[in-house]
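Trainee: Fold the following for me, if possible:
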Amino acid sequence: MYKHSIFIALALIAATYSLGTPQCTVSNKCTQVHQWMNDGVMNTQFACELTNMGSKPISHVDIRLNDNQNLYNTWEIATSNNGLSWDFVKWREQKPLEVGLVHKWGYIVKSDKPLNIEVCEKGFVNPTVSPSPSNSHPTNEPTTTPDHPSTTEHNPTTQPQTTTASESVDAAQDKSKHQACEATFVQKITNYFLGKDHLRYTQVEVTVSNIGKKDLSSVIIFTDVHFNSTWGIKEVDPINAPGNYEVIKKSKSLAAGSDQIFSYVFVSDNKVAPMNLISNACQ
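Mentor: Just a heads-up that it's a prediction; the model follows:
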């Protein structure tokens, strides 16, 4: 009887964990297809494929394009929250992605580096500790034909330009100039408590890192949640640009290779806020 009770308890715990944890059965693969210089800035185009690895058709997906401040064009995916997360375009609601088939999409970034991409068919419980989301890495493998007949290959408005040997030095200098302005961030939960109002609050510490080669004069992040308290950031314009926060620098600029920390508290069940680094500027 005692062993039987233990077995039932373990089964209930497993069932609860299964229900509360998103199962990621979508894979993503990106391939670099074009690269060119435009106004002294390196542009790179990536063609991507989302594959339904699950057991049933899907009409929605959770795509995270992390640190996407250099992103300036996408197709066949859409965002409704200023780039915090992305989903299929609307026509997928009428034609769900069948098991084993692929959804073609793509993006152009003002950099020679690909974006760090995470995908899952359900919403991430916690972006920092989501259970094995699929991280995509660019490959040189050919892409397959999409299952949507009207999907066509995207051509960028500015076509790739061939760089001759005499131009290679200037191109490399321009490319290095753009790469010099880069930033990223990491979130870490530092406290979790029950407030006097009987609501659960989470305190989070965010480390912004200057991973470029120039000093950062401005770093702006976006979130769609309400902060109850913040340290080290200020809202840019609550009326015209709600959700945009600038990191308050301790000095005139954030030096290359250095970090800046800010914190926030909000109503949350031990989860971090969805956040996106949307803009940075160098001196």
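
Trainee: Centre of the chain to the helix or strand hosting residue 245, how far?
Mentor: When elements are defined using DSSP states H and E, residue 245 is found to belong to strand 241-247. The chain centroid and the centroid of strand 241-247 are separated by 17 Å, computed with CA atoms, centre = their mean, to the nearest Å.

Trainee: ok, now stretch 231-239?
Mentor: Taking mean C-alpha positions (CA atoms, centre = their mean), stretch 231-239 and its chain are 21 Å apart.

Trainee: How about stretch 237-248?
Mentor: From the chain centre to the centre of stretch 237-248 is a distance of 20 Å (CA atoms, centre = their mean).

Trainee: Can you list the strands that the next helix or strand after the strand holding residue 245 pairs with?
Mentor: As assigned by DSSP H and E, the chain's next helix or strand after strand 241-247 is strand 259-267. Taking DSSP bridges as the criterion, strand 259-267 sits next to strand 200-210 (antiparallel), strand 229-231 (antiparallel) in its sheet.

Trainee: and strand 259-267, which residues are buried?
Mentor: Within strand 259-267, the residues that qualify as buried are 260, 262-266, counting by 16 or more other CB atoms under 10 Å. Bear in mind the C-beta positions are built from the backbone N, C-alpha and C, glycine included.

Trainee: before we move on, back to that, elements contacting the strand holding residue 245?
Mentor: Where contact means 3 or more CB pairs under 8 Å, 6 or more residues apart in numbering; DSSP states H and E, strand 241-247 is packed against strand 216-222, strand 233-237.

Trainee: returning to what we had before: residue 98: which of the strands paired with strand 259-267 is closest?
Mentor: If you check each of these against residue 98 by CB to CB, strand 200-210 wins as the nearest, at 38.6 Å.

Trainee: what is the rounded mean pLDDT of that closest one?
Mentor: Mean per-residue pLDDT for strand 200-210: 95.

Trainee: got the angle for it vs strand 216-222?
Mentor: Angle between the axes of strand 200-210 and strand 216-222 is 150 degrees (criterion: axes from the mean of the first three to the mean of the last three CA atoms, to 10 degrees).

Trainee: by how many degrees do strand 200-210 and strand 241-247 diverge?
Mentor: Here strand 200-210 runs at 60 degrees with respect to strand 241-247, directions being taken by the same axes, to 10 degrees.

Trainee: Can I get strand 200-210 in CSV? Just the C-alpha atoms.
Mentor: The C-alpha atoms that make up strand 200-210 are tabulated as CSV, following Å, rounded to 0.1, in the frame of the first residue of the first chain:
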residue,chain,number,x,y,z
ARG,A,200,4.0,37.2,-6.1
TYR,A,201,6.9,39.4,-7.2
THR,A,202,10.2,38.6,-8.9
GLN,A,203,13.3,40.8,-8.7
VAL,A,204,15.6,40.5,-11.7
GLU,A,205,19.2,41.6,-12.4
VAL,A,206,20.1,42.4,-16.0
THR,A,207,23.7,42.6,-17.2
VAL,A,208,24.2,44.6,-20.4
SER,A,209,27.6,43.8,-22.0
ASN,A,210,29.4,45.9,-24.6
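
Trainee: Now do the buried residues in it.
Mentor: Result for strand 200-210 [16+ other CB under 10 Å]: buried residues 201-206, 208-210.

Trainee: tally of neighbours for residue 183?
Mentor: As a burial measure, residue 183 scores 24 neighbours (other CB atoms under 10 Å).
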